[in-house]
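Novice: Got a predicted model here, sequence first, then my questions.
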Amino acid sequence: MRAYETRVDLLEVRLDWLRDWTVEDLEFLRDRPVLWTFRPVRQGGEFAGADSERFEVLRQIGRRRLGQWVDVEWDVWPPLIMELRGYFKVLLSYHQYDGHLPPWPDLGELFRAKPHDAVKIALTLHRWADIVRFLDIVEACQAEGWDGVWVVMGPRGTWLRILTPWFGGLWTYASPEGTGRATADGQVSVEELRQVYRYPEMAPDHRIYGLLGDPVAHSVSPYIHNRLFQEVGLAAHYVPFAVDDLEAFLRVMHVLPLGGLSVTVPHKIAILRYLDDVEPAARDIGAVNTVVRREDRWVGANTDWVGFWRPLVRRFGVRSWRALIVGAGGAAHAVAYALRRAGCSFAVTNRTHAKAEALARRFGGTAVPWDAVKPGAFDLLIHTTPLGMAPHIDTLPPIPDAWLVDKVVYDLIYNPPETRLLRRARAVGARAVLSGLPMLAEQAAEQFRLWTLQTVRADDIVALAQAHLERQSETFNIFD
Ligand code: NAP
């Protein structure tokens, strides 16, 4: 508590989580900004005793004049709430953990019936369609003149926890660092909220950017782009949008001051039909990984192909490669586009041969079944499947050693920066190996340039991403 008091505006004490304590033990919190929460089991907390006992403790705390706020559940008897209001401001709270969205008329009635200084609605929601309806409820609360705290629990609600100032939220909850876990699902830590997302500096005229995908929780992009915004002095914040339903998401997109988006699996193709314009490269590739707001138009672009190509040129100069692409998904499309643009020849092999054929037809290459690949026919192998990506870092794609010997082996995976495939390639005598990290950095730099017209060095991004991935790998086992 002492360590955090200068870093937060309010300290929530979960009395139901504490063991072996007396009210006297709380004296050290005198004159500190505290919100008391003493949640009973029936409301998702851990206090299994009687309500009379719970309220007697809160009364004693109140008489000692400790703390400013108390969280009181919606089902508490109004005279008790009135009494607590003599000591504290009352946050009247409603929690729902089962993924169910309560109807507004019921919630409205319930909050109108009980005295409060602010309301809290915290719901576990899994679908964006429900999140949009939840935001309508937030608006309805504000129309009633109620201050409030709005929480969507679960990974789909992380963005709202971070961007709560744009929805008039009184505060957001963040977990202390070093506990090894968030105190609630989808919560970010105090340090992340302050240092990565720059929560204390947020203001309504700041621009919002984000990563649209599903899942996005382990992405390195928020660490990259927020730092870049900070370094070039732009008032902008970049957040993860874990979205299952594009249509629903777009309703929010128009409420927020969005400047642009990174787009990842599974929305790279589906986003196309919602855009006003699509740049030629993105149209050719058939996928958008970057959305830019230009005036009031939404423009789709693709920076993956540049991201893929630049590290090759930087390392080996402009060369006429004979390439073998392993995999035929979204990334392989950007790779094939870049190779064709540079006049290189390529073959493609994939688990689902029909997809390799479609890709080869589209970009003028050759589709080869896995067992018909001839190592003598290529000098650059590009691995584009997710095999070996964190957390499955021990997976080795079933690529024969003969495809690696004396070749340049380029693995698009950036997490981990050195995959098992690259280690294997080195061990069996590959001519050179290239990780997906510089590609990530180059595509991010290009994305940043499209959004801000500012140039940043890809090497700096590699360093940023690497530092973050190292920190993340230390905690991977805990979170997965
Ligand atoms: P995607 O569209 O889902 O394509 C995945 C490809 O991998 C498909 O061809 C799929 O084959 C194949 N595949 C998946 N599981 C397989 C398995 N168990 N065995 C054999 N083949 C398998 O994914 P994507 O967007 O192209 O991304 C692929 C990888 O590229 C990811 O690891 C991603 O992180 C990386 N990437 C990196 C960057 C960067 O900046 N470094 C950028 C983009 C992507 P089927 O066709 O048979 O399903």
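Specialist: Yep, that arrived. Residues are numbered from 1 along each chain as shown.
Novice: Give me the below-cutoff pLDDT ranges for the protein.
Specialist: Filtered on pLDDT under 70, the chain yields the residue ranges 178-182, 474-480.
Novice: So the closest residue to Pro222 other than its chain neighbours: helix, strand or coil?
Specialist: The shortest distance from Pro222 to any non-neighbouring residue, by CB to CB, 6 or more residues apart in numbering, is to Tyr238 (5.4 Å). In this view, the C-beta of every residue, glycine as well, is placed from N, C-alpha and C. Here Tyr238 is strand, with the state taken from DSSP: H, G, I helix; E, B strand; the rest coil.
Novice: how near is Tyr238 to Gly108?
Specialist: 35 Å (CB to CB, to the nearest Å).
Novice: Next up, the contacts around the residue nearest to Pro222.
Specialist: 208-211, 221-222, 225-226, 229 (CB atoms under 8 Å, 6 or more residues apart in numbering).
Novice: Sort out for me which of those are in helices.
Specialist: 221-222, 225-226, 229 (DSSP state H).
Novice: what's Tyr87 sitting at in phi/psi?
Specialist: Note on Tyr87: backbone dihedrals following degrees, to the nearest 10 are phi -110, psi -40.
Novice: neighbours of it, just the number please.
Specialist: Residues near Tyr87, counting by other CB atoms under 10 Å, number 20.
Novice: since we're on the closest residue in space to it that isn't next to it in sequence, how many residues are nearby?
Specialist: Excluding its sequence neighbours, the residue lying closest to Tyr87 (CB to CB, 6+ apart) is Gly62, at 2.8 Å. Neighbour count for Gly62, taken as other CB under 10 Å: 19.
Novice: if I read this right, Gly62 contacts Gly86, doesn't it?
Specialist: Yes. Applying CB atoms under 8 Å as the test, Gly62 and Gly86 come out as touching, 7.0 Å apart.
Novice: how far away is the residue in the chain that the ligand sits nearest to from Asn350?
Specialist: Residue nearest to the ligand within the chain: Gly329 (1.8 Å; CB to the nearest ligand atom). To Asn350, Gly329 is 8 Å away according to CB to CB.
Novice: Those two: which is more packed in?
Specialist: Taking neighbours as other CB under 10 Å, Gly329 and Asn350 compare with Asn350 leading, 24 against 17.
Novice: on that earlier part again, make TSV from the ones in helices among the contacts of Tyr238 and add neighbour count and distance to Pro79 to it.
Specialist: What follows is the ones in helices among the contacts of Tyr238, written out as TSV (neighbours: other CB atoms under 10 Å; distance: CB to CB, whole Å):
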residue	neighbour count	distance to Pro79
Ser221	22	51
Pro222	24	46
His225	27	51
Asn226	21	48
Phe229	22	50
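Novice: Throw these into TSV and include distance to Pro397, thanks.
Specialist: Conversion of the ones in helices among the contacts of Tyr238 to TSV gives the following (distance: CB to CB, whole Å):
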residue	distance to Pro397
Ser221	25
Pro222	28
His225	30
Asn226	33
Phe229	36
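Novice: could those residues go into JSON lines alongside distance to the ligand?
Specialist: Shown next, in JSON lines, are these (distance: CB to the nearest ligand atom, whole Å):
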{"residue": "Ser221", "distance to the ligand": "10"}
{"residue": "Pro222", "distance to the ligand": "15"}
{"residue": "His225", "distance to the ligand": "14"}
{"residue": "Asn226", "distance to the ligand": "18"}
{"residue": "Phe229", "distance to the ligand": "20"}
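Novice: For Asp459, see how far away the closest residue to Ala203 other than its chain neighbours is.
Specialist: Counting by CB to CB, 6+ apart, Ala235 is the residue found nearest to Ala203 once chain neighbours are left out, at 6.9 Å. Distance of Ala235 to Asp459, computed by CB to CB: 26 Å.
Novice: can you list the domain ranges for the chain.
Specialist: Domain assignment for the chain by automatic domain parsing gives 11-202, 205-302, 317-439.
Novice: what about the shortest one, how long is it end to end?
Specialist: I take that to be domain 205-302. From its first residue to its last, domain 205-302 covers 28 Å (CA to CA, to the nearest Å).
Novice: Kindly report the same for stretch 70-80.
Specialist: Stretch 70-80: ends 12 Å apart by CA to CA.
Novice: returning to that earlier point: confirm that the residue nearest to Tyr87 lies within a helix, as I assumed.
Specialist: Yes. Applying three-state DSSP, one finds Gly62 inside a helix.
Novice: For it, give me its contacts.
Specialist: Neighbouring residues of Gly62 by CB under 8 Å, 6+ apart: 70, 84, 86-88.
Novice: Give me the buried entries from those.
Specialist: 70, 84, 87-88 (16 or more other CB atoms under 10 Å).
Novice: is it true that Leu58 lies in a helix?
Specialist: Yes. Leu58 forms part of a helix when assessed by three-state DSSP.
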